[in-house]
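Enquirer: Predicted structure and sequence below. I'll ask about it afterward.
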2 protein chains.
Amino acid sequence: MNGSSDDQTSQSSPQRQRGPAEHERREQILTAANGHFRHYGYNKTTVADLAKAIGLSTAYIYKFFDSKQAIGEAVCGQCLGSIQEQLAAIADDDGKPASDRLRRIYRTIGKLSAELFFNDRKLHDIVLASMAEKWRLVDTHEAAVLEIIRRVVSAGRETGEFERKSPLDETCEAITQTLLPFWHPILLEQNLDDLDKRTTIVANLVLRGLSA
Amino acid sequence: MNGSSDDQTSQSSPQRQRGPAEHERREQILTAANGHFRHYGYNKTTVADLAKAIGLSTAYIYKFFDSKQAIGEAVCGQCLGSIQEQLAAIADDDGKPASDRLRRIYRTIGKLSAELFFNDRKLHDIVLASMAEKWRLVDTHEAAVLEIIRRVVSAGRETGEFERKSPLDETCEAITQTLLPFWHPILLEQNLDDLDKRTTIVANLVLRGLSA
DNA sequence: TCGGTGACGGTTTTGCAAACTCGTCACCAA
DNA sequence: TTGGTGACGAGTTTGCAAAACCGTCACCGA
């Protein structure tokens, strides 16, 4: 009858990576990790597996990464970074009205996130791992999305397309909040149905609130 | 190197409860379950524990509930029902403008949900259980919230406070989506900080989109 | 018929030792 | 100094038998 709480918050604060930043070996490790995590899953891949695949010892891998978790974060970071890039490309497409861009961001973040987490089925458990421990990745990603949103909203305000009275920071934060259900792995897992429709109607609602 | 997927969706569709609906024993079981789940947690409470506490056999308990899960759902349902009632009370307070009511609903759902899931610390793992299996409770709750939102928005449209052009259904669904991060147990767990502020700014954004 | 139970099969959880994994360190070679 | 490794301790997962739990059924008494 004891408590069932397992509070091991391995938050990984230091963040400064180990060893040389640009190094062939680092890329090799990341590539191997990417392949193995996708193929066998995160938990079933051991650091020794990666070492063997490259033809190194495990000890040497630790010259480049603090921990297995750090490798996982790097791989995840690349995936999320790719999403961020695609969103940024939409955000910075000055040819289109800001409202169109924002609408596209809603639909795209849902689509890309769903693909990332569930089409690549085996990557799914790295996500579970990253949630179970409390990796900083989620916060980082959220911050990046916030920044992208800010760019779009600012652009819309400058062209007079969006209202200018509400505080920019709060508005952008609020938009980011409404975006959460469309990229958060756990929410996505629980509700993949109608994703495209849901993103669209929320985008509509939000845009009504933004329009000048 | 096999898959790590455990697909046991115990969705519990039938829904029709067993035995007489209004019965002293049913209340007793629910009361005992409530106490035990809170005190010892859901997983560590056995049906035999409940039976012993009331002074019955386990077999008799199954005259009233299909399964332990059904008991858990009933207890959870009561808690969520209490939240729904409080939200409904706000929604139906005709003395105040609809925008005030909606704003209060945002803040209240966040506050009450956070209290339910985390102040009552031991109830926390019933939530984990209810997520791990895919109980219908979450959907039921979401549907109830949607209905409450619909009442407020309808009221606001009738008084001319809210715009009337957008489709009512879609708008209410969208609002419900934006509410999700403020009551979903897992999101709440991951981000309790600034809850009140976040609900407020999202409410502000949404209300700008609603105003006539 | 209503209120209630003991005993039982099939599945899940538990306990514990063996095997494995993570990450460090001292150390080697060019 | 840069590139690289074997060996090892602390902690974690695995395998499997024993115990516990869930849920059903036949049955009892008023």
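Expert: Looks like it arrived, so ask away. Numbers count the residues shown, from 1 in each chain, chains lettered A, B, ... in the order given.
Enquirer: Leaving out the residues flanking it, which one is nearest to residue A:191?
Expert: Leaving aside its chain neighbours, residue A:191 sits nearest to residue A:181 (7.7 Å; criterion: Cβ to Cβ, 6 or more residues apart in numbering or on different chains). From N, CA and C alone the C-beta is placed, and that goes for glycine too.
Enquirer: which other helices and strands contact the worst-scoring helix or strand of chain A on mean pLDDT?
Expert: Within chain A, no helix or strand scores below helix A:124-132, which has a mean of 74 by mean pLDDT, DSSP states H and E. Applying 3 or more Cβ pairs under 8 Å, 6 or more residues apart in numbering or on different chains; DSSP states H and E, we find helix A:124-132 packed against helix A:68-91, helix A:137-158, helix A:185-190.
Enquirer: any idea how far residue A:68 lies from residue A:46?
Expert: 8 Å (Cβ to Cβ, to the nearest Å).
Enquirer: what's the answer for residue A:34, then?
Expert: For residue A:34 relative to residue A:46 (Cβ to Cβ), the value is 15 Å.
Enquirer: Show me which of the two is the more surrounded one.
Expert: residue A:34 (16 against 13; other Cβ atoms under 10 Å in any protein chain shown).
Enquirer: so that one sits right up against residue A:76, yeah?
Expert: No - taking Cβ atoms under 8 Å as the definition, residue A:34 is not a contact partner of residue A:76, at 10.1 Å.
Enquirer: Quick check: which element contains whatever residue of chain A ends up closest to chain B?
Expert: As assessed by Cβ to the nearest Cβ, chain B sits closest to residue A:209 within chain A, at 3.2 Å. Using DSSP states H and E, residue A:209 falls within helix A:195-210.
Enquirer: Which strands or helices does that helix pack on?
Expert: In terms of contacts (3+ Cβ pairs under 8 Å, 6+ apart), helix A:195-210 is packed against helix A:98-114, helix A:168-179, helix B:168-179, helix B:195-210.
Enquirer: closest one to residue A:153 among those helices?
Expert: Residue A:153 lies closest to helix A:168-179 among these, at 5.5 Å (Cβ to Cβ).
Enquirer: List the contacts of that closest one.
Expert: Helix A:168-179 is contacted from outside by A:102, A:105-106, A:109, A:142, A:145-146, A:149-150, A:153-154, A:157, A:202, A:206, A:210, B:177-178, B:181, B:198, B:201-202, B:204-205, using Cβ atoms under 8 Å, 6 or more residues apart in numbering or on different chains.
Enquirer: Now that helix: buried residues?
Expert: Under the neighbour-count criterion of 16 or more other Cβ atoms under 10 Å in any protein chain shown, helix A:168-179 has A:170, A:171, A:172, A:173, A:174, A:175, A:176, A:177, A:178, A:179 buried.
Enquirer: Turn the residues you listed into TSV, columns for distance to residue B:127.
Expert: TSV is the format used below for these (distance: Cβ to Cβ, whole Å):
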residue	distance to residue B:127
A:170	30
A:171	32
A:172	31
A:173	26
A:174	26
A:175	28
A:176	25
A:177	21
A:178	23
A:179	24
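Enquirer: so where's chain A shaky on pLDDT?
Expert: A:1-16, A:120-122, A:132-134, A:212 (pLDDT under 70).
Enquirer: Spell out which parts of it neighbour DNA strand D.
Expert: Applying Cβ under 7 Å from any atom of the strand, one finds that chain A approaches DNA strand D through A:8, A:20, A:23, A:25, A:55, A:56, A:57, A:58, A:59, A:60, A:63.
Enquirer: and if we set it to 6 Å?
Expert: Counting by Cβ under 6 Å from any atom of the strand, the positions of chain A adjacent to DNA strand D are A:20, A:25, A:56, A:57, A:59, A:60.
Enquirer: Keep the residues you listed, but drop any that are not near DNA strand C.
Expert: Restricting those to those near DNA strand C - Cβ under 6 Å from any atom of the strand - leaves residue A:59.
Enquirer: hang on, the earlier thing: okay, the residue nearest to residue A:191 and DNA strand C: tell me how far apart.
Expert: Using Cβ to the nearest atom of the strand, to the nearest Å, residue A:181 is found at 29 Å from DNA strand C.
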